[in-house]
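*Asks:* Here's my sequence, what's the structure:
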Amino acid sequence: MSNLAQKRILLGITGGIAAYKSIELIRLLTKAGAEVQVVLTEGAKAFVTEMTLQAISGKTVRSTLLDPNAEAGMGHIELAKWADLIVIAPASADFMARYTQGMANDLLSTLCIATESPVLLAPAMNQAMWRHPATQDNAKRLAERGVLSIGPADGAQACGDIGPGRMSEPSDIFHAIFAHFQNSPIKQDLAGQHWVITAGPTMEAIDPVRYISNHSSGKMGYALAASAVERGASVTLISGPVQITPPSGVMLVAVKSADEMLAACQQSMSTQADVFIGAAAVADFKMKTTTNQKMKKQSDKDEVTLTLVKNPDIIATLAQQKRAKVMVGFAAETQNVIEYAKSKLERKGLDIIIANDVSRSDIGFNQDENQVTVITKEKHWEPEKAAKSQLAKQLVNFIHEHSQSAD
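*Replies:* All right, here's what the predicted structure looks like:
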């Protein structure tokens, strides 16, 4: 039997073109045996009809704050107590702002304030709106309060823009809901902590068409983020371009260049974080000068010279600024792995460094498994080769124990 059987899901739909995707989400949930009660904002009614949603969910759609047909006319209290989980998909920038401020001026925002059940947001908006500092701050503050989230995804948007802001696909949201209800004895010993994790490659532009990058898939960083949030941490995941759906519950900040990644880290760690993990494969160099137009191939030349300059050293900068209580780095090497990792640990002022041999074809970049050596000033630890998802759990545990011993 599905772990969603007889679970009571309150699906809030806010105004946005992605509202039509919620119809498929309702279908997936009801097929799995869940009860779905839909709540619409006034803005959502411009994109989906109550009749359609009622036909799919089998329940009367609700949208009125003080509903005379509800129990004692107090619809928000009734629904707040009814729901096992509240899912807002799509969650607009406006709704996130009102929720952050604790406003209760419609049925959906009111019941989110009145409920004691978990709330899961699936943000959806224009890429510029998602990147705006106000929206990023709202998302961070909601995550710190324990509000779960999935996405947004990166890609083409209805307005013609390309970037982060697309609502996660209904199947991805469904799986996040399914995972939420899985009974797991995982301890929540990281509750109240803020972990900042970087992942994936950076892309350094040569011109509007070409760029310098590397083979990082982001799998290790994303696995670490999933493990930390699973144990109760508030996790900000700052990611270069990857083809991975963000783990449910993390605050995703999508970047491209090393400069963007450093700025995002500093903004996310404006107040000291508990743990920083630099799992991203940051490009060492960038173009000294980029062009606004595509560089044309010259038929009389067989060679081209690119002038590169050093990128900022993200983890060394953050360590020097004491942006986190525990600083963790990765050393992806092809030779003298342990020797180079030890040097990096000392040179950059880190507490822990995780070294792996990326010359091996069975681990590292683009592989599902990894094998590492964890190095601190006091000791070495070599966990066995394992799936990155399993290794991440061991690494998060090691980092947490190290931080406790350092206190």
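
*Asks:* CA only for contacts and neighbour counts going forward, please
*Replies:* Noted.

*Asks:* and the residue nearest to Pro170 when sequence neighbours are not counted, how many neighbours does it have?
*Replies:* Leaving aside its chain neighbours, Pro170 sits nearest to Leu25 (4.9 Å; criterion: Cα to Cα, 6 or more residues apart in numbering). By the criterion of other Cα atoms under 10 Å, Leu25 has 21 neighbours.

*Asks:* again, but for Val242
*Replies:* When neighbours are counted by other Cα under 10 Å, Val242 comes out with 17.

*Asks:* Can you give me the domain boundaries for the chain?
*Replies:* As given by automatic domain parsing, the domain ranges for the chain are 1-183, 186-288+305-407.

*Asks:* coming back round to it: would you confirm that the residue nearest to Pro170 contacts Asp172?
*Replies:* No: the criterion here is Cα atoms under 8 Å, and Leu25 misses it with Asp172 at 9.4 Å.

*Asks:* Report the secondary structure state of Ile315.
*Replies:* Of the three states, Ile315 takes helix under DSSP: H, G, I helix; E, B strand; the rest coil.

*Asks:* if we can go back for a sec, could I get the contacting residues of the residue nearest to Pro170?
*Replies:* By Cα atoms under 8 Å, 6 or more residues apart in numbering, the residues touching Leu25 are Pro170, Ser171, Ile173, Phe174.

*Asks:* hang on, isn't the last one packed against Lys31?
*Replies:* Right, Phe174. No: contact criterion Cα under 8 Å: Phe174 and Lys31 do not qualify, at 11.1 Å.

*Asks:* So for those two, which residue has more residues nearby?
*Replies:* A direct count of neighbours by other Cα under 10 Å for Phe174 and Lys31 places Phe174 higher, at 18 against 13.

*Asks:* quick one: that one and Glu50, what's the gap?
*Replies:* Distance, Phe174 to Glu50, by Cα to Cα, to the nearest Å: 21 Å.

*Asks:* got it, and Ala44?
*Replies:* 10 Å.

*Asks:* Once you drop chain neighbours, what's closest to Gly102?
*Replies:* Nearest non-adjacent residue to Gly102, counting by Cα to Cα, 6+ apart: Ile113, 6.7 Å away.

*Asks:* Give me the neighbour count for that neighbour.
*Replies:* Count around Ile113 with other Cα under 10 Å applied: 16.

*Asks:* For Trp96, list the residues it contacts.
*Replies:* You called it Trp, but residue 96 is Met. Contacts of Met96 by Cα under 8 Å, 6+ apart are Thr135, Asn138, Ala139.

*Asks:* On the pLDDT front, check it for me.
*Replies:* Met96 is assigned 94 on the pLDDT scale.

*Asks:* moving C-terminal of the strand or helix carrying it, what's the next helix or strand?
*Replies:* Met96 is part of helix 93-100, with elements assigned from DSSP states H and E. For helix 93-100, the following helix or strand on the C-terminal side (DSSP H and E) is helix 107-114.

*Asks:* What residues sit buried inside that next one?
*Replies:* Leu107, Leu108, Ser109, Thr110, Leu111, Cys112, Ile113, Ala114 (16 or more other Cα atoms under 10 Å).

*Asks:* Could you export these as JSON lines, including distance to Ile197 and pLDDT?
*Replies:* Output for the buried residues of helix 107-114, formatted as JSON lines (distance: Cα to Cα, whole Å; pLDDT from 0 to 100):
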{"residue": "Leu107", "distance to Ile197": "36", "pLDDT": "91"}
{"residue": "Leu108", "distance to Ile197": "32", "pLDDT": "91"}
{"residue": "Ser109", "distance to Ile197": "30", "pLDDT": "91"}
{"residue": "Thr110", "distance to Ile197": "33", "pLDDT": "91"}
{"residue": "Leu111", "distance to Ile197": "32", "pLDDT": "89"}
{"residue": "Cys112", "distance to Ile197": "29", "pLDDT": "90"}
{"residue": "Ile113", "distance to Ile197": "29", "pLDDT": "91"}
{"residue": "Ala114", "distance to Ile197": "32", "pLDDT": "88"}
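
*Asks:* what's the closest of the contacts of Met96 to Asp368?
*Replies:* Ala139 (29.8 Å; Cα to Cα).

*Asks:* Wait, a helix at the closest one?
*Replies:* Yes: note on Ala139: a helix contains this position according to three-state DSSP.

*Asks:* what's next to stretch 245-262, contact-wise?
*Replies:* With Cα under 8 Å, 6+ apart as the criterion, stretch 245-262 contacts 120, 139-140, 143, 147-153, 164, 172, 176, 202-205, 222, 225-226, 229, 234-241, 264, 282-283, 311-312, 314.

*Asks:* Correction: the previous question concerned stretch 275-292.
*Replies:* 194-208, 212-214, 216, 218, 220-221, 239-240, 258, 306-311, 315, 324-330.

*Asks:* What of stretch 149-165?
*Replies:* 17, 120-127, 130-131, 143, 166-168, 173, 176, 245-252, 254.

*Asks:* and these, which are buried?
*Replies:* Buried residues within those, defined by neighbour count using 16+ other Cα under 10 Å: 17, 120-127, 130-131, 143, 166-168, 173, 176, 246-252, 254.

*Asks:* Return the alpha-carbon coordinates of the helix or strand Lys21 falls within using PDB.
*Replies:* Using DSSP H and E, the secondary-structure element containing Lys21 is helix 21-31. Coordinates of each C-alpha in helix 21-31 appear next as PDB, following Å, rounded to 0.1, in the frame of the first residue of the first chain:
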ATOM      1  CA  LYS A  21       0.500  21.800 -13.700                       C
ATOM      2  CA  SER A  22      -1.200  21.300 -10.400                       C
ATOM      3  CA  ILE A  23      -4.000  19.400 -12.200                       C
ATOM      4  CA  GLU A  24      -1.500  16.600 -12.900                       C
ATOM      5  CA  LEU A  25      -0.200  16.700  -9.300                       C
ATOM      6  CA  ILE A  26      -3.700  16.200  -8.000                       C
ATOM      7  CA  ARG A  27      -4.100  13.200 -10.300                       C
ATOM      8  CA  LEU A  28      -0.900  11.600  -9.100                       C
ATOM      9  CA  LEU A  29      -1.800  12.200  -5.400                       C
ATOM     10  CA  THR A  30      -5.400  10.800  -5.700                       C
ATOM     11  CA  LYS A  31      -4.100   7.800  -7.700                       C
END
